[in-house]
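Enquirer: Any chance you can model this:
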Amino acid sequence: MAGMPPATGSQRITWAEVPAEVRAAIEKLLGSEVAAAASQPGGFSEGVAARLRLADGGRAFVKAASSLVAPGVARFHRREIEVSRRLPDGVPAPRLLHAHDDGTWVALVFEDVEGRLPAQPWERDELDRVLAAATGLARALTPSPIDPALLARPRLGGWRALADEGGAGRLAPVSRWASDHLDELVALEEAAASSLTGETLLHGDLYPFNIMLTTDRVLVVDWPHAWVGAPHCDVLTLLSSASLSGVDPQAFAREHPLTRDLPPEAIDAFLAAHAGFLLRLAANAGPGADRHLVAMATALGKASLRWLRRRLQDVSGT
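Expert: Numbers count the residues shown, from 1 in each chain. All right, here's what the predicted structure looks like:
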């Protein structure tokens with residue numbers, strides 16, 4: 001298996017393209033001019049994501065977007081500011097140093113982390129490290145330290161909306177099986193609500209491109225999609241994506257402390273809702289959509305769907 005598609009969109013801008021007055025405001029927060037900026041791969045936003053080397057020898061990581069050019073990204077940044085400010089000490093996430101919001105440009109300045117993304121395809125020892133970290137993260141964030149009213153809705157569900165939109169035809173080129181079984185997927189999605197309820201602050205987007213590994217730490221980055229729900233949801237998200245590396249997610253789910261005791265229908269319902277969000281996005285993507293983002297959503301959605309199909313076939317014996 002080749003692992004995941006490229007996890008970088010096509011609309012990233014550089015630090016130099018940020019307006020001079022915004023760069024100056026960020027430098028004022030940092031207390032030093034920026035001597036060099038290196039744009040970073042990963043992510044799909046129409047904004048800047050760069051590691052900064054400061055004139056005084058310090059370092060920082062900045063991401064920023066314009067609400068005029070990329071209103072959705074700016075909205076995510078504003079939400080991530082609220083989440084990052086409230087994460088408890090000790091949570092394995094980069095520390096937010098500063099935030100800037102002038103009404104148009106929104107920027108977050110984090111501590112710079114000397115780390116790297118996990119290898120893709122997954123290496124077993126790294127996957128084990130990340131799954132252990134996900135367990136610790138869920139325990140540390142239960143109950144949620146953040147009021148759910150400040151958070152996003154979970155990025156789950158899409159089959160009912162597709163059915164109501166008459167979207168089976170748009171879905172067919174993405175997944176013929178999903179198009180042919182849309183009613184069944186709608187039913188599974190609608191059964192998901194009870195198994196998603198919980199008190200855990202979830203990352204909501206736990207894929208390899210949002211994980212940084214250092215020599216001795218696992219850090220989870222990019223928190224705008226955090227929500228409060230059942231503690232197993234992030235682990236199932238990660239495991240479904242790991243199947244793109246040839247990993248058997250079912251084998252890990254049978255052993256992981258957050259999933260091994262779940263009723264089978266809880267896993268089925270989550271996988272259906274997870275695939276529904278992603279494949280609706282892919283099915284509805286227009287010609288102007290970022291092709292890298294669509295490819296990622298398609299790959300992740302189909303991975304979740306394949307696991308679900310296998311589980312359903314195991315139950316039916318077909």
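
Enquirer: What ranges does this protein have for its strands?
Expert: Listed in chain order, the strands of the chain (DSSP state E) span 34-39, 48-54, 59-66, 96-101, 105-110, 200-202, 211-213, 218-220, 227-229.

Enquirer: So which of these has the densest surroundings on average?
Expert: strand 200-202 (a mean of 26; mean count of other C-beta atoms under 10 Å). Glycine gets a C-beta too; all of them are placed from N, C-alpha and C.

Enquirer: now for that strand, which elements pack on it?
Expert: strand 227-229, helix 233-242 (3 or more C-beta pairs under 8 Å, 6 or more residues apart in numbering; DSSP states H and E).

Enquirer: For that strand, which outside residues touch it?
Expert: Contacts with strand 200-202, where a contact means C-beta atoms under 8 Å, 6 or more residues apart in numbering, come from 138, 141-146, 154, 226-231, 233-234.

Enquirer: Can you tell me how far the nearest residue to Val294 once chain neighbours are set aside is from Pro263?
Expert: Spatial nearest neighbour of Val294, chain neighbours left out: Ala285 (4.6 Å); criterion: C-beta to C-beta, 6 or more residues apart in numbering. According to C-beta to C-beta, to the nearest Å, Ala285 and Pro263 sit 34 Å apart.

Enquirer: that older thread, distance to Pro173 added to the strands of the chain, as JSON lines?
Expert: JSON lines is the format used below for the strands of the chain (distance: least, C-beta to C-beta, whole Å):
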{"stretch": "strand 34-39", "distance to Pro173": "33"}
{"stretch": "strand 48-54", "distance to Pro173": "32"}
{"stretch": "strand 59-66", "distance to Pro173": "31"}
{"stretch": "strand 96-101", "distance to Pro173": "40"}
{"stretch": "strand 105-110", "distance to Pro173": "36"}
{"stretch": "strand 200-202", "distance to Pro173": "31"}
{"stretch": "strand 211-213", "distance to Pro173": "31"}
{"stretch": "strand 218-220", "distance to Pro173": "34"}
{"stretch": "strand 227-229", "distance to Pro173": "30"}
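
Enquirer: Just the buried subset of the contacts of strand 200-202, please.
Expert: With burial judged by 16 or more other C-beta atoms under 10 Å, the buried subset of the contacts of strand 200-202 is 138, 141-142, 144, 146, 154, 226-231, 233-234.

Enquirer: residue contacts, the closest residue to Gly47 other than its chain neighbours?
Expert: Spatial nearest neighbour of Gly47, chain neighbours left out: Ala65 (3.2 Å); criterion: C-beta to C-beta, 6+ apart. Ala65 makes contact with Ser45, Glu46, Gly47, Val48, Val73, Ala74, His77, Trp105, Val106 under the criterion C-beta under 8 Å, 6+ apart.

Enquirer: Much appreciated, bye for now.
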